[in-house]
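J.: I'll drop the sequence and a predicted model, then ask my questions.
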4 protein chains.
Amino acid sequence: MNGKEGIWAYTPTKERIIKVALKLFSRKGFKGTTIKDIAKEVGITEGAIYRHFASKEKIIYFLITTVSRELEELIKEKVFIRGSLKEQVKSLIETLMRYAFEKPDSFRFLTVYHILRENGFEKRLPGGLILENFKRAYMRGELKVSPEVALSVAVGSVERAFILWEMGLVNLPEDRFIEELQETVVSALC
Amino acid sequence: MNGKEGIWAYTPTKERIIKVALKLFSRKGFKGTTIKDIAKEVGITEGAIYRHFASKEKIIYFLITTVSRELEELIKEKVFIRGSLKEQVKSLIETLMRYAFEKPDSFRFLTVYHILRENGFEKRLPGGLILENFKRAYMRGELKVSPEVALSVAVGSVERAFILWEMGLVNLPEDRFIEELQETVVSALC
Amino acid sequence: MNGKEGIWAYTPTKERIIKVALKLFSRKGFKGTTIKDIAKEVGITEGAIYRHFASKEKIIYFLITTVSRELEELIKEKVFIRGSLKEQVKSLIETLMRYAFEKPDSFRFLTVYHILRENGFEKRLPGGLILENFKRAYMRGELKVSPEVALSVAVGSVERAFILWEMGLVNLPEDRFIEELQETVVSALC
Amino acid sequence: MNGKEGIWAYTPTKERIIKVALKLFSRKGFKGTTIKDIAKEVGITEGAIYRHFASKEKIIYFLITTVSRELEELIKEKVFIRGSLKEQVKSLIETLMRYAFEKPDSFRFLTVYHILRENGFEKRLPGGLILENFKRAYMRGELKVSPEVALSVAVGSVERAFILWEMGLVNLPEDRFIEELQETVVSALC
DNA sequence: TATGAATGAGCTTTCATTCAT
DNA sequence: TATGAATGAAAGCTCATTCAT
């Protein structure tokens, strides 16, 4: 084994570029982040970036693909596996919130959909998957509201909650914040 | 009097610049929009922009101030005037949604908080006002959940709802969509 | 009249860019000439170039089109109008040589077909026209040799003659050089 | 002895670099060809090139020296050895044309004098040798035209003939094309 | 008010070259 | 000999801004 397998086969430098780009793109946007910014924070020169990515666009494409897939897998694995809708919604809120707290750059990157919009990736957000699931639950009569409203409430609440948290406007402990959000959304949808 | 006083003393051209800038900034971001883009869509040359605004930054400052104040006034006028929390929340959802449908560029501009963040305006979003109101309701025992969660659910849901709508993913008529969202959020918070 | 008509409607600056680009491209090639080189010799900054041409490629496209058309027109007007093949060949040599001496940058630009080749314009050289003419003369039995050989001798001789001249290797007066070349080529082909 | 002596001591890899460089330089020019282009076509990495040549310039210097010497030797050996001018000219055309067909990259490289000019090698073309020879023939009264015109016709015709051939514009068989060119040039000069 | 040419700084990208392995 | 990551300078191009008209 040489430490290079599958999608994780990039070198430490490439990995660092990815992490820094994720952070900067999610905070300053695609146009607002320069290759120089990334290079400086990675500790290499601008030219060196191009040994790992053919263009700035390729970096964001890679990030969009990788990060949205990561969250999708997480949702499939943790949320859709549950039996009742109630448990699914509870798990969805928890999964999204935990993801946001653990990987704030990734979550912010996906949330700040402006970045994605700039690059024509709107529909790749995991939103599509969740919407489909809500539609099925709606057919089965388990969902109190229409799928579109359910998605808006479930996902929108988490997104705003994370922004408030990042702004330092939340006076509750992390776990309590998540719990309350879970209960609130569950009570609204199920 | 010639119809031009104070800050509202802009000429039709200035007005057109503002409208176009709002549209473009809200869609392509601050850095993603060039003075040339704006000038072209307004139908003037780049230099002419500078007859009306001293710099690109001044344009976005003007927009942030104007648009956020407009929504604030609307909320004060339509929402905070209501008696019960239930009616306030119902009115908040309706007001935000109607605003979003009537002035999508303005709403998108405020929502895509990335743009604001780029320009250090995070805290000027009307969120602050609503949060204060929720805090008071919480003190009075009218709010079932903590103010932070309430704000997240109320505002986040509307933001996501608008995005879904813009993406063409909503299969309900406008009024029905708003009504359902109202009921859902009210049932969750009050 | 405002000094702007037809294809010559470019500003003095644009005209200067064209002249300088022609000179530099013909001497140092397309890749060997930088926008900075051109800008410096024109006496403006690099950015200013782009107000007149959208890209470096657009400059060479313009030159290829303009210069090759110019020579084509000249040939149509001075050469093809003649009656006998003998007179046509005499006129061809004279026209090409005079053009080369009067507009060395243009002639060199067309001759150094490497530049054209780099840009996929091989077939736009006036060679095509002349070849067609030789083919018709060959059919009529006026041409002693095959059209391909005739073209090679006629055009190739002039091209080489010009290079020798530019290298300072020719010890004849201009007119005598042209005359001798005329006689030689005519005697070979007719 | 190991088969590696003097300037010819290059390994197979070095030989491949030379061949590829000759091909690419002759087609895309010196500036238009990158070390990466060469490396890729040779099948090695960019760094490896520098094991064989100290710089990009050294490669083209080597090529100019080697290729022009090769053609010079050929001309000395095949052309100047002949008795009469007529036979010399016939042989010159044949030698150049055969060389062009057998080693098109080499001939194109020498012909596209633009490349040489970029590198200050103008006068090293075998043209000098041939011109000297024509001058002597002129003194002896064997040459009908001045040496400069003779060189222009003899060499220019071959150069143009090769270009036409490469463009696929020649409808004669190779041998017939050469023969006709020989006869035409001989009849013009002798 | 408006134009449009120009500036100058900064951007993305390229590329010859170096160097540790 | 060869690799491949990295450098650093320079390339083409963009863009906010200025200014003469």
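T.: Alright, I've got the coordinates. In this text the structure is predicted, and so the values were computed from the model without any measurement.
J.: C-alpha from now on. contacts and neighbour counts both.
T.: Will do.
J.: Can you tell me the closest non-neighbouring residue to residue A:16?
T.: residue A:42 (6.2 Å; CA to CA, 6 or more residues apart in numbering or on different chains).
J.: Okay, residue A:96 and chain B: tell me how far apart.
T.: 14 Å (CA to the nearest CA, to the nearest Å).
J.: which SSE is that residue in?
T.: Using DSSP states H and E, the element containing residue A:96 is helix A:85-102.
J.: and the following helix or strand past that helix, anywhere near chain B?
T.: Next along the chain after helix A:85-102, taking DSSP H and E as the criterion, comes helix A:104-111. No: residues of helix A:104-111 contacting chain B under CA under 8 Å from any CA of the partner chain: none, with a closest distance of 9.7 Å.
J.: Which elements pack onto helix A:104-111?
T.: On a contact count with 3 or more CA pairs under 8 Å, 6 or more residues apart in numbering or on different chains; DSSP states H and E, helix A:104-111 meets helix A:12-28, helix A:56-78, helix A:85-102.
J.: Residue C:166: which of those helices is closest?
T.: Between residue C:166 and these, the shortest gap by CA to CA is with helix A:56-78, which sits at 46.8 Å.
J.: Give me the buried positions along the closest one.
T.: For helix A:56-78, a neighbour-count test (16 or more other CA atoms under 10 Å in any protein chain shown) marks A:56, A:59-60, A:63-64, A:67-68, A:71-72, A:74-75 as buried.
J.: Within range of DNA strand F, give me the residues from chain A.
T.: A:11, A:13, A:43-48, A:51-52 (CA under 7 Å from any atom of the strand).
J.: Redo the residues you listed as JSON lines? Include secondary structure and pLDDT.
T.: Shown next, in JSON lines, are these (DSSP: H, G, I helix; E, B strand; the rest coil; pLDDT from 0 to 100):
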{"residue": "A:11", "secondary structure": "coil", "pLDDT": "62"}
{"residue": "A:13", "secondary structure": "helix", "pLDDT": "96"}
{"residue": "A:43", "secondary structure": "coil", "pLDDT": "97"}
{"residue": "A:44", "secondary structure": "coil", "pLDDT": "97"}
{"residue": "A:45", "secondary structure": "coil", "pLDDT": "97"}
{"residue": "A:46", "secondary structure": "helix", "pLDDT": "98"}
{"residue": "A:47", "secondary structure": "helix", "pLDDT": "97"}
{"residue": "A:48", "secondary structure": "helix", "pLDDT": "97"}
{"residue": "A:51", "secondary structure": "coil", "pLDDT": "96"}
{"residue": "A:52", "secondary structure": "coil", "pLDDT": "97"}
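J.: just the buried members of those residues?
T.: With burial judged by 16+ other CA under 10 Å, the buried subset of the residues of chain A next to DNA strand F is A:46, A:52.
J.: Return the member of the residues of chain A next to DNA strand F nearest to chain D.
T.: residue A:51 (12.8 Å; CA to the nearest CA).
J.: Ramachandran angles for that closest one?
T.: The phi/psi pair for residue A:51 (degrees, to the nearest 10) reads phi -80, psi -20.
J.: What is the least confident helix or strand in chain A?
T.: Least confident helix or strand, chain A: helix A:113-118 with a mean of 66, by mean pLDDT, DSSP states H and E.
J.: Where does residue A:163 sit: helix, strand or coil?
T.: What DSSP: H, G, I helix; E, B strand; the rest coil gives for residue A:163 is helix.
J.: circling back to that earlier point, would you mind giving the helices and strands packed on helix A:104-111 as TSV with distance to residue B:85 added?
T.: Below are the helices and strands packed on helix A:104-111 laid out as TSV (distance: least, CA to CA, whole Å):
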stretch	distance to residue B:85
helix A:12-28	35
helix A:56-78	35
helix A:85-102	25
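J.: out of the ones you listed, nearest to DNA strand E?
T.: Nearest to DNA strand E among those is helix A:56-78; the distance by CA to the nearest atom of the strand comes to 3.8 Å.
J.: Would you tell me whether the closest one gets close to chain B?
T.: No: using CA under 8 Å from any CA, helix A:56-78 stays clear of chain B, coming no nearer than 13.9 Å.
J.: so how far is that helix from its chain's centroid?
T.: Chain-centre distance of helix A:56-78: 8 Å, with CA atoms, centre = their mean, to the nearest Å.
J.: And DNA strand E, is it touching that?
T.: Yes: using CA under 7 Å from any atom of the strand, helix A:56-78 comes into contact with DNA strand E via A:56-57.
J.: Mind exporting the C-alpha coordinates of that helix to PDB?
T.: The C-alpha atoms that make up helix A:56-78 are tabulated as PDB, following Å, rounded to 0.1, in the frame of the first residue of the first chain:
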ATOM      1  CA  LYS A  56      -9.600  27.400 -11.000                       C
ATOM      2  CA  GLU A  57     -12.900  26.100 -12.400                       C
ATOM      3  CA  LYS A  58     -11.700  22.500 -12.100                       C
ATOM      4  CA  ILE A  59     -11.100  23.100  -8.400                       C
ATOM      5  CA  ILE A  60     -14.600  24.200  -7.700                       C
ATOM      6  CA  TYR A  61     -16.000  21.400  -9.900                       C
ATOM      7  CA  PHE A  62     -14.100  18.900  -7.800                       C
ATOM      8  CA  LEU A  63     -15.300  20.400  -4.600                       C
ATOM      9  CA  ILE A  64     -19.000  20.600  -5.700                       C
ATOM     10  CA  THR A  65     -18.800  17.000  -6.800                       C
ATOM     11  CA  THR A  66     -17.000  15.700  -3.800                       C
ATOM     12  CA  VAL A  67     -18.700  17.600  -1.100                       C
ATOM     13  CA  SER A  68     -22.300  17.200  -2.400                       C
ATOM     14  CA  ARG A  69     -21.600  13.500  -2.800                       C
ATOM     15  CA  GLU A  70     -20.300  13.200   0.700                       C
ATOM     16  CA  LEU A  71     -23.400  14.700   2.200                       C
ATOM     17  CA  GLU A  72     -25.600  12.600   0.000                       C
ATOM     18  CA  GLU A  73     -23.900   9.400   1.100                       C
ATOM     19  CA  LEU A  74     -24.300  10.500   4.700                       C
ATOM     20  CA  ILE A  75     -28.000  11.200   4.300                       C
ATOM     21  CA  LYS A  76     -28.500   7.900   2.500                       C
ATOM     22  CA  GLU A  77     -26.700   6.100   5.200                       C
ATOM     23  CA  LYS A  78     -28.100   7.800   8.300                       C
END
